[in-house]
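S.K.: have a look at this prediction, sequence included:
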Amino acid sequence: MGASVPESVPENVPENKRKLPQRTGKLSQSNKARSVNKIGQTIIDAIVNDPQVSRERLMQLTGISEGGVKKQLQRLKERGLIDHEGPAKGGYWRVVVEPIPPC
């Protein structure tokens, strides 16, 4: 087996099926349409209440780490639900669309 093939792949799997799919970083239409999770909704609600909300405040509201907040913000931005205007310090967030309530 080649270096890109995980050990868990049986020997009888054809060579062209052994490689793992590459992640493109783009969201499929189904991912864009999915509802927002509880943490995402908490972040959106905080942005609606205070467009200049800090990551530190989002950490307090959600109970997750700074890295987790960054990841959630990035996911919401990628899905087109929020956008950041202005500089990193002194800028503000805006909700682009009205979010779908969590299931």
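M.R.: Thanks, I have the structure now.
S.K.: going by C-alpha atoms from here, please, whenever you check contacts or count neighbours.
M.R.: Will do.
S.K.: hey, where'd the strands end up in the chain?
M.R.: Across the chain, reading from the start of the chain, the strands by DSSP state E fall at 82-85, 92-95.
S.K.: among the ones you listed, which is nearest V48?
M.R.: Go through those one by one with CA to CA and the one that ends up closest to V48 is strand 92-95, at 7.0 Å.
S.K.: rewinding a little: I'd like the strands of the chain laid out as CSV, including mean neighbour count, distance to R57 and mean pLDDT.
M.R.: Formatted as CSV, these follow (neighbours: other CA atoms under 10 Å; distance: least, CA to CA, whole Å; pLDDT from 0 to 100):
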stretch, mean neighbour count, distance to R57, mean pLDDT
strand 82-85, 17, 16, 93
strand 92-95, 18, 13, 92
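S.K.: export these to a markdown table and tack on distance to I47?
M.R.: Formatted as a markdown table, the strands of the chain follow (distance: least, CA to CA, whole Å):
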| stretch | distance to I47 |
| --- | --- |
| strand 82-85 | 9 |
| strand 92-95 | 6 |
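S.K.: wait, which of those is closest to D45?
M.R.: Each of the strands of the chain has some distance to D45 by CA to CA; the shortest is strand 92-95, at 9.2 Å.
S.K.: strands paired with the closest one, and their directions?
M.R.: The strands that strand 92-95 pairs with in its sheet are strand 82-85 (antiparallel) (by DSSP bridges).
S.K.: what lies in contact with the partner strand?
M.R.: Residues outside strand 82-85 that contact it (CA atoms under 8 Å, 6 or more residues apart in numbering): I44, L73, L76, K77, G91, Y92, W93, R94, V95, V96, V97.
S.K.: tell me which two in those residues are the farthest apart.
M.R.: G91 and V97 (19.0 Å).
S.K.: more neighbours: the two, which one.
M.R.: In this view G91 and V97 are compared by other CA atoms under 10 Å, and G91 has more residues nearby, 12 against 9.
S.K.: wait, the more buried one touches Q52, no?
M.R.: Yes - the pair formed by G91 and Q52 meets the contact definition of CA atoms under 8 Å, at 6.7 Å.
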